[in-house]
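Asks: I'd like to go over a predicted model; first the sequence, then the structure.
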Amino acid sequence: QKILLKSRVHNENDPAADYIKQRLEKYGLTVDKQYFNDDGINVIATQLGGTNPDSIFMICGHYDAVTDYAADDNASGTAAVIEIARILSKIDLNYTLIYALWDEEEIGLLGSEHYTANLAIDESKFIGVLNFDMLAYDSDNDGVFDIHAGADSESLRIANTMVSVINSHNLDLDPTIYSPGISYSDHSPFWEVEIGAILMIESYMLGDFTWAYHTVDDRIDLFNMAYFHEMVKAGMGTTVNLTMTNIDTRFDQEAVLAQNTMEIYPNPSNGIFNFRTNTTSNVEVINQFGSLVAQLNITDNNTEIDLSSFANGIYYVKVYGNTPQVLKIIKQ
């Protein structure tokens, strides 16, 4: 008996999906297309974590649109995911990071709903999800934006981490957490399967929301670029924090000393950190935005690094010794 297979309908979004896949592959990531319905395509890239690859964080946004032009909704969120991938793909993360670009959000969250309904990963392995949707409109330059979280503790932990990143790095932003927040974007399907997730979006609740929403006037010339850059920094800082910060005891200083014969003290510090070691190690210090801020080579029993001129906040020390480690330090 002859079996007829229904061919996939060509989607107008196909060129965008191809472009996103090519860009993410250029950064050395493993990229897959997830097909659904007759013409939907999700683009999913994976960066495996080094010390705990079974724990997963996801950043995402939808790349489909309803008009000929869709700069804020949601080229802004798509660009944020791609740019963060460009930077973080060069960094060894503790946890696995998934970069997801969803299709058919505009007609009912179909891409993210398909992903969560067909999870190939146990829900318990997700640290959480950060969804970017409309990041670039701020008409009065007040830096206000919304964080929409679920009522669960994991969603609130992600939201509070973002606020902490903004405060510790003096970003020109004014966030408000709404819990439970709005559900009409690609974070909400994750709530339905009990995965912590937040939506980062311009000031929807207080009304400073682009007037060009879902019109042909949604163009990049309406972007507040300084605001957009700060929003992406906040998203990236949150991502780095949650993929390089271990929730378990891996940053316990006594455990690190036992494994690597190395410790950092005092921690927290006002900027002067001392390294105690009996081995030679190369050390890199990285801020929450993934930028390398200092390098040194430890060759004796007491070496210090001076971060007193840097902003207060969390930094990550990558130690290339006998057993490579990432340690969190806090400058206050």
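Replies: Great, that's in hand. Numbering: from 1, shown residues only.
Asks: and the longest helix for the protein?
Replies: Selection of the longest helix in the chain by residue count, based on DSSP state H, yields helix 225-244.
Asks: what is it packed up against?
Replies: Contacts defined by 3 or more Cβ pairs under 8 Å, 6 or more residues apart in numbering; DSSP states H and E place helix 225-244 against strand 52-62, helix 76-88, strand 95-102, strand 126-132, helix 153-168, strand 197-202, strand 313-320. Heads up, the C-betas are built off the backbone N, CA and C, glycines and all.
Asks: now do the buried residues in stretch 193-212.
Replies: Burial within stretch 193-212, assessed by neighbour count using 16 or more other Cβ atoms under 10 Å, is assigned to 195-204, 208-210, 212.
Asks: actually stretch 76-91, not the one I typed
Replies: Of the residues in stretch 76-91, 76-82, 84-85, 88-89, 91 count as buried by neighbour count, 16+ other Cβ under 10 Å.
Asks: dump these into JSON lines; add distance to Cys60 and pLDDT as well.
Replies: Shown next, in JSON lines, are the buried residues of stretch 76-91 (distance: Cβ to Cβ, whole Å; pLDDT from 0 to 100):
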{"residue": "Ser76", "distance to Cys60": "13", "pLDDT": "98"}
{"residue": "Gly77", "distance to Cys60": "8", "pLDDT": "98"}
{"residue": "Thr78", "distance to Cys60": "10", "pLDDT": "98"}
{"residue": "Ala79", "distance to Cys60": "13", "pLDDT": "98"}
{"residue": "Ala80", "distance to Cys60": "10", "pLDDT": "98"}
{"residue": "Val81", "distance to Cys60": "7", "pLDDT": "98"}
{"residue": "Ile82", "distance to Cys60": "12", "pLDDT": "98"}
{"residue": "Ile84", "distance to Cys60": "11", "pLDDT": "97"}
{"residue": "Ala85", "distance to Cys60": "11", "pLDDT": "97"}
{"residue": "Leu88", "distance to Cys60": "14", "pLDDT": "94"}
{"residue": "Ser89", "distance to Cys60": "16", "pLDDT": "93"}
{"residue": "Ile91", "distance to Cys60": "19", "pLDDT": "88"}
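Asks: of those residues, closest to Ser309?
Replies: Looking at these and their distance to Ser309, the nearest is Ile91, at 22.8 Å (Cβ to Cβ).
Asks: my read: the closest one touches Ser291, true?
Replies: No - proximity of Ile91 to Ser291 does not meet the contact threshold set by Cβ atoms under 8 Å, at 9.8 Å.
Asks: so who does the closest residue in space to Thr67 that isn't next to it in sequence touch?
Replies: In space, Thr67 comes closest to Val216 once its chain neighbours are excluded; the distance is 5.1 Å by Cβ to Cβ, 6 or more residues apart in numbering. Residues near Val216 by Cβ atoms under 8 Å, 6 or more residues apart in numbering: 67-69.
Asks: ok, Asn270 next?
Replies: By Cβ under 8 Å, 6+ apart, the residues touching Asn270 are 308, 331-332.
Asks: and the residues you listed, which are buried?
Replies: By neighbour count, with 16+ other Cβ under 10 Å, those hold Lys331 as buried.
Asks: out of the contacts of Asn270, list just those in helices.
Replies: Of the positions in the contacts of Asn270, not one sits in helices, assigned by DSSP H.
Asks: closest to Ile264 out of the contacts of Asn270?
Replies: In terms of Cβ to Cβ, no member of these lies closer to Ile264 than Lys331, at 11.6 Å.
Asks: out of the helices and strands packed on helix 225-244, which is closest to Thr30?
Replies: Taking Cβ to Cβ as the criterion, Thr30 comes closest to strand 95-102 out of the helices and strands packed on helix 225-244, the separation being 10.1 Å.
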